[in-house]
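Undergrad: Sharing a sequence plus its predicted fold:
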Amino acid sequence: TYRGGVGEEVEKQEITGADRTLHREKIRRNLDVFERMLSEARFDTDDPMTGLELELNLVDAVGDPAMRNEQVLRAIADPAFVTELGRFNVEINVPPAKLREGGLTTFEQGLRQKLNDAEERSEDLGAHLVMIGILPTLAESHLRRSTLSDDSRYDLLNEQVLDARGEDIAISITGRERLETTADSIVPEAACTSTQFHVQTSPAQFAAYWNASQAIAGAQLAVAANSPYLLGRELWRESRIPLFEQATDTRSEELKAQGVRPRVWFGERWITSVFDLFEENVRYFPALLPIIDDEDPLEVLESGGVPSLAELKLHNGTVYRWNRPVYDVADGMPHLRVENRILAAGPTVADTVANAAFYFGLVRSLAEDERPVWSRMPFATARENFQSAARVGIDARLSWPGVGQVPATELILDTLLPLAAEGLDLWGVSPDERDRYLGIIEGRCVAKTNGAEWFARRMEARSGMERADALRATLLEYRQAMHTNEPVHTWS
């Protein structure tokens with residue numbers, strides 16, 4: 001959601017035409033300063049960090065959404081947990097780690113500890129945490145304006161998206177079944193709960209890491225799809241993808257027909273610099289939150305300081321790229337990250353960290369390849385792989401240079417897992433860690449099972465039940481298995 005790309009409070013306010021004009025001038029000044037910073041190499045590039053964020057759902061004892069994130073957050077009382085868009089969502093931000101220092105194991109142990117503690121405290125309030133891409137027990141009655149978290153950021157974002165669109169938000173998804181519905185707020189976006197991986201990179205290497213992330217998006221989705229149901233319908237294996245694209249679409253039908261770009265965006269070309277992405281953001285997308293900071297970025301830079309580039313950062317947080325560039329300042333040093341936003345949450349912490357290992361290893365290997373895969377793959381092929389994997393998950397057929405179009409499981413087992421292993425070696429990951437986590441990815445491919453497949457199969461076994469009852473029963477079974485931390489391909 002938008003907070004994930006921003007992280008600062010936004011006051012409720014009226015936004016005028018004059019505000020927008022001033023904002024456009026200021027954000028262009030930000031862009032000029034950012035370009036100068038890139039050319040002067042003022043970035044923290046030593047010993048890069050990796051990071052992880054996880055969005056979670058809250059459910060009650062029978063598996064229905066529990067609309068009480070405020071009470072749950074108060075009970076958890078841990079600053080790592082923060083509010084999310086819907087009252088049935090929370091997010092956990094995991095401290096960054098270095099992979100060569102056992103970062104993957106640190107992620108798994110830290111996440112398990114924090115989630116177990118949070119579960120214990122939220123249980124007293126009749127709420128339970130669930131890691132899944134879309135809560136399958138959500139009903140249309142849950143997707144109303146009152147479901148938005150009580151936060152001025154979300155109120156303002158909601159108002160600006162709907163004003164830009166000029167009409168209700170339409171959701172239309174055709175998969176194994178069909179869903180057509182409308183919403184008078186951005187609350188359907190809250191149904192999308194994701195995992196985000198962050199990888200820090202130098203300005204010189206940023207384009208390679210972003211291009212590599214785009215190239216592997218289809219493979220990531222195929223092996224980790226975990227959102228097969230929305231509002232009681234079986235749709236895509238990763239229904240989060242079309243839902244998120246549609247739930248934040250500020251374009252009317254006429255603007256779509258004109259070819260105006262959507263705010264949830266895979267992109268349209270390989271890049272040569274991180275500047276390309278921030279420049280596209282400013283050139284193509286009107287500001288949803290044209291809020292002006294007092295800082296003069298040029299003055300700060302010329303006095304030897306590090307500008308926050310607040311307008312550029314806030315705007316970047318409302319352009320929802322599946323791989324998003326991030327500019328941030330930590331300990332007085334600016335740095336760049338790729339934020340990989342492709343995957344759903346869950347099913348288990350072990351699965352989540354296995355997905356992270358696959359991503360971190362694969363992007364490192366591909367980014368350092370002397371003959372980059374993006375020089376041999378049309379960008380349209382990467383986009384088609386992404387869409388195909390979102391639709392059919394682990395049964396997708398994906399295209400790859402030198403391999404052709406093959407089943408996703410074959411591509412991953414024969415080509416991508418060996419590359420991911422090489423990449424983890426380059427990061428300095430121990431062989432034991434590498435083999436444990438990549439072994440989970442291998443196991444899913446061999447069993448042809450990810451979270452979405454497991455859930456759909458259990459639903460099929462309950463085909464004699466009422467759909468809503470079957471979804472509740474399957475979700476409770478899923479939640480029980482989730483707590484074992486056994487990888488999903490081993491679940492019965």
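TA: Looks like it came in fine. Residues are numbered from 1 along each chain as shown.
Undergrad: how near is the nearest residue to residue 108 once chain neighbours are set aside to residue 434?
TA: Sequence neighbours aside, residue 353 is the residue nearest to residue 108 in space, at 4.5 Å (criterion: Cβ to Cβ, 6 or more residues apart in numbering). (Glycine included, C-beta is placed from N, CA and C.) Distance, residue 353 to residue 434, using Cβ to Cβ, to the nearest Å: 12 Å.
Undergrad: between the two, which one's more packed in?
TA: For the pair residue 353 and residue 434, the greater number of neighbours falls to residue 353 (26 against 21), based on other Cβ atoms under 10 Å.
Undergrad: Could you verify that the residue nearest to residue 108 is part of a strand?
TA: No. Per DSSP: H, G, I helix; E, B strand; the rest coil, residue 353 lies outside any strand segment and is helix.
Undergrad: That one reaches residue 111, doesn't it?
TA: Yes. Assessed by Cβ atoms under 8 Å, residue 353 is found in contact with residue 111 at 7.5 Å.
Undergrad: could you pull out the helices for the stretch 351-492 of the chain?
TA: Taking DSSP state H, counting those that start in this stretch as the test, the helices found in the stretch 351-492 of the chain are 379-392, 408-411, 417-427, 431-447, 451-461, 467-482.
Undergrad: Can you find the helix or strand in this protein with the smallest mean pLDDT?
TA: Least confident helix or strand of the chain, by mean pLDDT, DSSP states H and E, is helix 152-165 with a mean of 84.
Undergrad: next one: that one to chain centre, how far?
TA: Taking Cα atoms, centre = their mean, to the nearest Å, the mean C-alpha location of helix 152-165 is offset from the chain mean by 20 Å.
Undergrad: Would you mind giving the secondary structure of residue 182?
TA: strand.
Undergrad: got a list of what residue 360 touches?
TA: Going by Cβ atoms under 8 Å, 6 or more residues apart in numbering, residue 360 touches 50, 99, 197, 199, 423, 424, 427.
Undergrad: and the second one, how many neighbours?
TA: For residue 99, the count of nearby residues is 27 (other Cβ under 10 Å).
Undergrad: one step back: and the residue nearest to residue 108, how far is that from residue 188?
TA: Applying Cβ to Cβ to residue 353 and residue 188 gives a distance of 29 Å.
Undergrad: now swap in residue 212 and tell me
TA: Distance of residue 212 to residue 188, computed by Cβ to Cβ: 31 Å.
Undergrad: what sits opposite residue 330 in the beta ladder?
TA: Per DSSP bridges, the residues bridged to residue 330 are residue 333.
Undergrad: what about it, distance to residue 101?
TA: From residue 330 over to residue 101 (counting by Cβ to Cβ), the distance is 17 Å.
Undergrad: List the residues that contact residue 347.
TA: 131, 132, 226, 451, 454, 478, 481, 482, 488.
Undergrad: Is the spatially closest residue to the last one that is not a sequence neighbour in a helix, a strand, or coil?
TA: Nearest residue to residue 488, sequence neighbours excluded (Cβ to Cβ, 6+ apart): residue 347, at 4.4 Å. Local secondary structure at residue 347 is given as coil here, using three-state DSSP.
Undergrad: for residue 176, same thing?
TA: coil.
Undergrad: And the closest residue to it other than its chain neighbours, its phi and psi?
TA: Excluding the flanking residues, the one nearest residue 176 by Cβ to Cβ, 6+ apart is residue 234, at 4.6 Å. Torsion angles at residue 234 (phi, psi; degrees, to the nearest 10) stand at phi -90, psi 110.
Undergrad: who's in contact with residue 234?
TA: Residue 234 touches 175, 176, 177, 228, 456, 459, counting by Cβ under 8 Å, 6+ apart.
Undergrad: cutoff 6 Å now
TA: Neighbouring residues of residue 234 by Cβ atoms under 6 Å, 6 or more residues apart in numbering: 176, 177, 228.
Undergrad: pLDDT value on it, please?
TA: pLDDT, residue 234: 98.
Undergrad: likewise residue 12?
TA: 55.
Undergrad: And for residue 47?
TA: pLDDT at residue 47 comes out at 81.
Undergrad: With residue 60 instead?
TA: Reading off the confidence values, residue 60 has pLDDT 97.
Undergrad: and if you look at residue 5?
TA: pLDDT recorded at residue 5 is 42.
Undergrad: go on, residue 148?
TA: At residue 148, pLDDT is 89.
Undergrad: List the beta-bridge partners for it.
TA: Beta-bridge pairing for residue 148 (DSSP bridges): residue 86.
Undergrad: Quick check: it touching residue 154?
TA: Yes. Residue 148 lies in contact with residue 154 (Cβ atoms under 6 Å); the separation is 5.1 Å.
Undergrad: The two: who's more crowded?
TA: residue 154 (24 against 19).
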